[in-house]
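1. Below are the sequence and a predicted model; questions follow.
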2 protein chains.
Amino acid sequence: MEIVSQNKCFGGVQTVYSHPSETCGVDMTFAVFMPPQARKQSVPLLWYLSGLTCNHENAMTKGGFQRYAAEHGLAVVFPDTSPRGEGVSDDNAYDLGQGAGFYVNATRAPWKPHFQMYDYIVNELREKLQEALPINGRHGITGHSMGGHGALTIALRNPSLYESVSAFAPIANPTQSDWGRKQLSAYLGDDEASWASYDASILLNDLGWKGDILIDQGADDQFLDLLRPEALTDVIAKKRQPAMIRMQDGYDHSYFFVSSFAEDHVAWHAERLHGNGN
Amino acid sequence: MEIVSQNKCFGGVQTVYSHPSETCGVDMTFAVFMPPQARKQSVPLLWYLSGLTCNHENAMTKGGFQRYAAEHGLAVVFPDTSPRGEGVSDDNAYDLGQGAGFYVNATRAPWKPHFQMYDYIVNELREKLQEALPINGRHGITGHSMGGHGALTIALRNPSLYESVSAFAPIANPTQSDWGRKQLSAYLGDDEASWASYDASILLNDLGWKGDILIDQGADDQFLDLLRPEALTDVIAKKRQPAMIRMQDGYDHSYFFVSSFAEDHVAWHAERLHGNGN
């Protein structure tokens, strides 16, 4: 892991790293905030998965998570949203290819060689961070939009790896949305049965979740029709899934929405990651 | 004033406006955060002046001021750092011309026609905001780097217009720095006597300040030699000027530094702007 930049922030350290990824077959960049508590003890890690067009930097600079992570003694990792660079396939559209990995393992050309974001997040990057940083083995996961989809689907499929899950305006039902059908078709092929393991509403219906779930959604989100929160809330209601879904009056899809509720999500994860007695 | 964008944020509203500026002879863009309290009453206004290469957007998205402004009931304005666009003079260097107005009224070609940032901030934009928004007439001013220089020099020259002043890593003595001599020479000409009214250390020595001053400076700031905080602290010590200067261990010149201490500055201005009893 090579340090790209490092800045003191709220008493902790915000670092950007680059590393060669076996899973993605290319160098990957990510950002990690280590809180001041990590100088003396290992700490839990909160994953923040970003949305379409974003990289490791957007939430790191605009989300405002560091203050709350420093307060609660959590590390936070901000991975990139896809492999990038020359030799990595791309598409002219903003919502396919580089910047739009959708947290899946692609099985189709031309995406298969590098677009393995699911395995990268669940396995390779997790192991790398556990080895390199004072992480205590307790992980929570959240994300925004495409990253909310990533957080929910990854947690639901791996309940032994994550203690807590939340999301900001997630793509809640991609198999039934133009934010999903196009990408799942491209990355996985036209057999829709293969898409189900990347749809939070289907997974929650089939697998449930061991704990409760926190979802914030802006009521004035300009992408509500694409996000389909109603699919997820239907399952939550039908299955009596413990959850708090907050439809936030007047908020849109931007980082102004994310930053406004970052404190609540960090506190919520901290409560579940620290267990009894902080 | 035309609305460019508007987002709900921390219960308040973050708006970007564009307007034709008589002072700068070109359309200018700025951002204003109005806290939730402004729906029911007029509120004080905190000015945040940005540094070299920045525009209205950097601190609006990366500074994290909105949370604290919402808590303390302050409006915050983020002006641009210069006039911009076709027909506005520029320079290939990052530190002269567009993005580098230095908050002066230029008297020399080719800058004079548009680079009138001092008058724009002190007079035109102030009046426009007072007319258009529920601002109660009490103003504080802060800024970062070149914007810290702007905040200090503007407040010191206009004590009747500002109740409070602070700065993050200000260019404290531009008449003796490569961040200053080049620009003051270009904008004002080679008569160094004309530069003194744009140098915070000289102005504080000559005029003093009616209240106290808050300065945060990163001890690991990569630009310390250019900022020359020692010139300002010398005057503060010599004149027994009430002030709090904090040399912050480990912090650099970035927005990670600014955001780490944004809360303290907003609280400090709020205390002075609200007067007794909030």
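-> Cool, the structure landed.
2. Residue A:122 contacts residue A:156, correct?
-> No. Using Cβ atoms under 8 Å, residue A:122 makes no contact with residue A:156, being 11.8 Å away. Just so you know, the C-beta spots here come from the backbone N, C-alpha and C atoms, and that holds for glycine as well.
3. where along the stretch 101-250 of chain A do the strands fall?
-> A:135-143, A:164-168, A:213-218, A:243-248 (DSSP state E, counting those that start in this stretch).
4. so what's the residue of the stretch 101-250 of chain A found nearest chain B up against?
-> Among the residues of the stretch 101-250 of chain A, residue A:250 lies closest to chain B, at 4.3 Å counting by Cβ to the nearest Cβ. Neighbouring residues of residue A:250 by Cβ atoms under 8 Å, 6 or more residues apart in numbering or on different chains: A:218, A:219, A:220, B:8.
5. So it versus residue B:37, what's the distance?
-> 16 Å (Cβ to Cβ, to the nearest Å).
6. repeat for residue A:17
-> For residue A:17, the distance to residue B:37 - Cβ to Cβ - is 42 Å.
7. where does the stretch 51-200 of chain A come near chain B, residue by residue?
-> The stretch 51-200 of chain A has residues A:61, A:62, A:64, A:66, A:67 near chain B, with proximity defined as Cβ under 8 Å from any Cβ of the partner chain.
8. what about 7 Å?
-> A:61, A:62, A:64 (Cβ under 7 Å from any Cβ of the partner chain).
9. Ranking by neighbours, what's the top pick from those residues?
-> residue A:64 (26 neighbours; other Cβ atoms under 10 Å in any protein chain shown).
10. Where does the closest residue to that residue other than its chain neighbours sit, in terms of helix or strand?
-> Counting by Cβ to Cβ, 6 or more residues apart in numbering or on different chains, residue A:259 is the residue found nearest to residue A:64 once chain neighbours are left out, at 4.3 Å. Element membership for residue A:259, per DSSP states H and E: helix A:255-274.
11. same check, this time on residue A:32
-> Counting by DSSP H and E, residue A:32 is part of strand A:26-34.
12. Report the angle between the very next helix or strand once past that strand and helix A:255-274.
-> Remark: after strand A:26-34, the chain's next helix or strand is strand A:43-49, criterion DSSP H and E. Orientation note: strand A:43-49 sits at an angle of 150 degrees relative to helix A:255-274 (axes from the mean of the first three to the mean of the last three Cα atoms, to 10 degrees).
13. quick one, helices of chain A?
-> A:57-62, A:65-72, A:117-119, A:126-132, A:146-157, A:181-188, A:200-207, A:224-227, A:229-239, A:255-274 (DSSP state H).
14. Now render those as CSV, adding mean pLDDT.
-> Below are the helices of chain A laid out as CSV (pLDDT from 0 to 100):
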stretch, mean pLDDT
helix A:57-62, 97
helix A:65-72, 98
helix A:117-119, 98
helix A:126-132, 98
helix A:146-157, 98
helix A:181-188, 98
helix A:200-207, 98
helix A:224-227, 98
helix A:229-239, 96
helix A:255-274, 98
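15. Tell me which of those helices sits most buried.
-> helix A:146-157 (a mean of 28; mean count of other Cβ atoms under 10 Å in any protein chain shown).
16. by contact count, what packs against it?
-> strand A:43-49, strand A:135-143, strand A:164-168, helix A:200-207 (3 or more Cβ pairs under 7 Å, 6 or more residues apart in numbering or on different chains; DSSP states H and E).
17. Tell me what angle the third one forms with helix A:255-274.
-> It refers to strand A:164-168. 170 degrees.
18. Relative to the whole chain's centre, how far out is strand A:164-168?
-> Remark: strand A:164-168 is offset 8 Å from the chain centroid, using Cα atoms, centre = their mean, to the nearest Å.
19. Buried among the contacts of residue A:250? Make that a PyMOL selection.
-> In PyMOL syntax, the buried subset of the contacts of residue A:250 is picked out as below (16 or more other Cβ atoms under 10 Å in any protein chain shown):
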select buried, (chain A and resi 218) or (chain B and resi 8)
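20. tell me the two of the contacts of residue A:250 that are most distant?
-> A:219 and B:8 (9.6 Å; Cβ to Cβ).
21. what residues are shared contacts of these two?
-> Counting by Cβ atoms under 7 Å, 6 or more residues apart in numbering or on different chains, the common neighbours of residue A:219 and residue B:8 are A:250, A:251.
22. Contact partners for the nearest residue to residue A:228 once chain neighbours are set aside?
-> If the residues on either side of it in the chain are set aside, residue A:228 comes closest to residue A:173, at 4.0 Å by Cβ to Cβ, 6+ apart. Residues in contact with residue A:173, defined by Cβ under 7 Å, 6+ apart, are A:199, A:201, A:228, A:231, A:232.
23. Give me the contact list for stretch A:56-64.
-> A:14, A:16, A:29-31, A:48, A:50, A:65, A:78-80, A:255, A:258-259, A:262, B:61-62, B:64, B:255.
24. one more time with 6 Å, if that's ok
-> Contacts to stretch A:56-64, defined as Cβ atoms under 6 Å, 6 or more residues apart in numbering or on different chains, come from residues A:29-31, A:48, A:50, A:78, A:80, A:255, A:258-259, A:262, B:61-62, B:64.
25. Return the distance of it from the chain's centre.
-> Per Cα atoms, centre = their mean, the centroid offset for stretch A:56-64 relative to its chain is 13 Å.
26. just the CA coordinates of it, formatted as CSV?
-> What follows is stretch A:56-64, C-alpha atoms only, in CSV (Å, rounded to 0.1, in the frame of the first residue of the first chain):
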residue,chain,number,x,y,z
HIS,A,56,-12.6,7.5,-3.2
GLU,A,57,-12.5,11.3,-2.8
ASN,A,58,-16.1,12.6,-2.9
ALA,A,59,-17.4,11.4,0.4
MET,A,60,-13.9,11.8,2.0
THR,A,61,-14.0,15.5,1.2
LYS,A,62,-17.8,16.3,1.2
GLY,A,63,-19.4,13.8,3.6
GLY,A,64,-18.2,15.2,6.9
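27. Tell me the bridge partners for the residue most central in space within chain A.
-> Geometric centre of chain A, nearest residue: residue A:49, 2.4 Å, by Cα atoms, centre = their mean. Using DSSP bridges, the beta-bridge partners of residue A:49 come out as residue A:143.
28. isn't it right next to residue A:141, touching?
-> No. The criterion here is Cβ atoms under 6 Å, and residue A:49 misses it with residue A:141 at 7.1 Å.
29. Find residues that contact each of those two.
-> With Cβ under 6 Å, 6+ apart, residue A:49 and residue A:141 have common neighbours residue A:151.
30. for the strand holding residue A:32, packing partners?
-> strand A:12-21, strand A:75-79 (3 or more Cβ pairs under 6 Å, 6 or more residues apart in numbering or on different chains; DSSP states H and E).
31. most tightly surrounded among those strands?
-> Using mean count of other Cβ under 10 Å, strand A:75-79 ranks as the most buried of the helices and strands packed on strand A:26-34, with a mean of 27.
32. nearest spatial neighbour of residue A:187, skipping sequence neighbours?
-> residue A:106 is the one closest to residue A:187 (Cβ to Cβ, 6+ apart), at 4.0 Å.
33. Backbone dihedrals for the residue nearest to residue A:123 when sequence neighbours are not counted, please?
-> Nearest residue to residue A:123, sequence neighbours excluded (Cβ to Cβ, 6+ apart): residue A:23, at 7.1 Å. Backbone torsions for residue A:23, taken as degrees, to the nearest 10, come to phi -60, psi -40.
34. residues in contact with residue A:23?
-> A:116, A:119, A:120, A:124.
35. Residue A:174 and residue A:180 touch, don't they?
-> Yes. The criterion here is Cβ under 6 Å, and residue A:174 meets it with residue A:180 at 2.3 Å.
36. Who has more neighbours out of these two?
-> The neighbour count for residue A:174 versus residue A:180, taken as other Cβ under 10 Å, is higher for residue A:174 (29 against 23).
37. Tell me the pLDDT of that one.
-> Looking at residue A:174, its pLDDT stands at 98.
38. could you list every residue that touches it?
-> A:180, A:199.
39. Lovely, talk soon.
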